[in-house]
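In: quick one: sequence plus predicted model below, questions after.
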Amino acid sequence: MKKFWAIITVLLILFFLGSGLIPDLKIYKQNNLSQKTGKVYLNRTVNDDSPFKEIDKKLYGEANDVENNAANSVTSVIVDYRALDTLGEVTVLFLAITGVIALLGKSKKNNRILFEKPNYILNASSKILLPLIVLFGFYIFIHGHITPGGGFQGGTIVAASVLMMYFAQNNYKLKNNRMKVLESFSGLSFLIFGLLGIFIMGDFLQNFLELGIMGKLFSGGLIPIIYILVGLKVSAELSNVVYEFMGEE
Amino acid sequence: MNSLYIASIFIFVVFVLSILAIESKNILKSILFLSAASIFTAIIFVVWKAPDVAMTEAAIGAGFTTFLFFIAYFKVDKLEKEN
């Protein structure tokens, strides 16, 4: 019976997704809907040969308004227009991790998961890979306004390096108190930057820095600063989750 | 080739992997099928020009949660052996 319902559900979902394969209906073609929003947004490029140059001015090396100043336009939505939503998202993650620590933090002594003698190659190469993975994570969230990715992705990659160390070495221990300090610091700074927006410009989390030239690292006003703080917060939180899950000796 | 056709192939793969994850009796196999489904979902997001979401899916869905599931599985196994 379970299989039957699974197959029915799959067929239904395939039907709804497959309806996109049917050529455009007439009424939509008259309205030219895809030209209006979706295609313009999806085919956004920052080079000179953009097919929607007239509608959507967005070029490297030119200063623009707030919306177009981050080369990665998703970032300008997440951290500029909807920065309050991002604050809520970070809070949700924080609450989830508080729950994990409340559940697992009690029985912390002598419950470390130990694997049978990690391989020598794994043991040696993990020490070489750790700085590279951390560097890559930092690169992703520092360049969040230029290339795809941002605080959440980069933070997860940094936390994955801690996970790798726990799997590769039986005597590795995360200094979790430093992680807690880092997390509180970055969360607090996020709020302070939001309040500075009220005092300087008049609205919460409003941009008050210079926009700079698009494509440069120091551009986009508040966007890179807030994304770096989010990245630090997420990486500290998820490292703490790994620490709580693996236990202590 | 239209990106919708490419994506629909991957969507079918994701469906098959999800059903295998539900139906398989071994928990470890089920976790691995879930991870594989996440990777193919990330490919779909790349085809549909959403690299930000694809990175999240690959890092959290395929990487991080898989290992958290593994650790939870080992922990439960250890607790059962102790009792």
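Out: Yep, it's here. Just so we're clear, the structure is a prediction, and the values are computed from it rather than from any experiment.
In: all contacts plus neighbour counts: C-alpha atoms, from now on.
Out: OK.
In: next, count neighbours for residue A:76.
Out: 23 (other CA atoms under 10 Å in any protein chain shown).
In: my bad, should have said residue A:175
Out: 11.
In: kindly report the same for residue A:215.
Out: By other CA under 10 Å, the residues close to residue A:215 number 22.
In: tell me the secondary structure for it?
Out: Under DSSP: H, G, I helix; E, B strand; the rest coil, the three-state class of residue A:215 is coil.
In: how much space between it and residue B:35?
Out: 35 Å (CA to CA, to the nearest Å).
In: what ranges does chain A have for its helices?
Out: In chain A, the segments counted as helices under DSSP state H are A:2-18, A:26-31, A:33-36, A:38-42, A:66-69, A:73-75, A:83-104, A:120-142, A:151-168, A:176-200, A:223-246.
In: which one of those lies closest to chain B?
Out: Among the helices of chain A, helix A:151-168 comes nearest to chain B, with 5.3 Å by CA to the nearest CA.
In: mind giving me the packing neighbours of that closest one?
Out: helix A:120-142, helix A:223-246, helix B:51-56 (3 or more CA pairs under 8 Å, 6 or more residues apart in numbering or on different chains; DSSP states H and E).
In: as JSON lines, the ones you listed with mean neighbour count would be great.
Out: Converted to JSON lines, the helices and strands packed on helix A:151-168 look like this (neighbours: other CA atoms under 10 Å in any protein chain shown):
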{"stretch": "helix A:120-142", "mean neighbour count": "17"}
{"stretch": "helix A:223-246", "mean neighbour count": "25"}
{"stretch": "helix B:51-56", "mean neighbour count": "21"}
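In: nearest spatial neighbour of residue A:122, skipping sequence neighbours?
Out: Leaving aside its sequence neighbours, residue A:122 sits nearest to residue A:168 (CA to CA, 6 or more residues apart in numbering or on different chains; 6.0 Å).
In: closest one to residue B:44 among the helices of chain A?
Out: Closest to residue B:44 of the helices of chain A is helix A:2-18 (CA to CA; 12.8 Å).
In: other residues contacting the closest one?
Out: Residues from elsewhere that reach helix A:2-18, judged by CA atoms under 8 Å, 6 or more residues apart in numbering or on different chains: B:8, B:15, B:19.
In: so which of those are in strands?
Out: Applying DSSP state E to these, no entry is found in strands.
In: just put these in JSON lines and tack on pLDDT.
Out: Below are the contacts of helix A:2-18 laid out as JSON lines (pLDDT from 0 to 100):
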{"residue": "B:8", "pLDDT": "83"}
{"residue": "B:15", "pLDDT": "89"}
{"residue": "B:19", "pLDDT": "90"}
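In: can you check which of the helices of chain A gets nearest to residue A:111?
Out: Among the helices of chain A, helix A:223-246 comes nearest to residue A:111, with 7.9 Å by CA to CA.
In: what does chain A put close to chain B?
Out: For chain A, the contact set with chain B under CA under 8 Å from any CA of the partner chain comprises A:6, A:10, A:18, A:20-21, A:42, A:74, A:113, A:148-150, A:152-153, A:156-157, A:160, A:242, A:245-246.
In: where does pLDDT dip in chain A?
Out: Within chain A, the ranges that satisfy pLDDT under 70 run A:19-69, A:107-109.
In: care to break it down by domain?
Out: Following the assignment in automatic domain parsing, chain A carries domains at A:17-56, A:72-246.
In: chain center to the last one, what's the gap?
Out: Right, the one you point to is domain A:72-246. 8 Å (CA atoms, centre = their mean, to the nearest Å).
In: need the distance between the two termini of that domain.
Out: Start and end residues of domain A:72-246 are separated by 36 Å (CA to CA).
In: ok, now stretch B:60-70?
Out: Termini of stretch B:60-70 sit 14 Å apart (CA to CA).
In: for that stretch, which residues meet the burial criterion?
Out: Within stretch B:60-70, the residues scored as buried using 16 or more other CA atoms under 10 Å in any protein chain shown are B:60-64, B:66-68.
In: of the residues you listed, which belong to helices?
Out: Those of the buried residues of stretch B:60-70 mapping onto helices are B:66-68, per DSSP H.
In: list, out of those, those positioned next to chain A.
Out: Restricting these to those near chain A by CA under 8 Å from any CA leaves residue B:68.
In: give me the residue at the spatial middle of the chain.
Out: The chain I'm using is chain A. residue A:152 (2.3 Å; CA atoms, centre = their mean).
In: look at chain B instead
Out: Centroid-nearest residue in chain B, with CA atoms, centre = their mean: residue B:35, separated by 2.6 Å.
In: and for chain B, the residue most distant from the center?
Out: With CA atoms, centre = their mean as the measure, chain B has its most outlying C-alpha, relative to the mean C-alpha position, at residue B:83: 31.8 Å.
In: need the pLDDT of that one.
Out: In this model, residue B:83 is scored at 78, pLDDT.
In: residue A:173 and residue A:136, how far apart?
Out: Taking CA to CA, one finds residue A:173 at 22 Å from residue A:136.
In: no wait, residue A:163
Out: For residue A:163 relative to residue A:136 (CA to CA), the value is 15 Å.
In: what do you get for residue A:8?
Out: Counting by CA to CA, the gap from residue A:8 to residue A:136 is 43 Å.
In: get me the contact residues on chain B for chain A.
Out: So far as CA under 8 Å from any CA goes, chain B lies against chain A at B:4-5, B:8, B:15, B:19, B:49, B:51-52, B:55-56, B:59-60, B:63-64, B:68, B:71-72, B:74-75.
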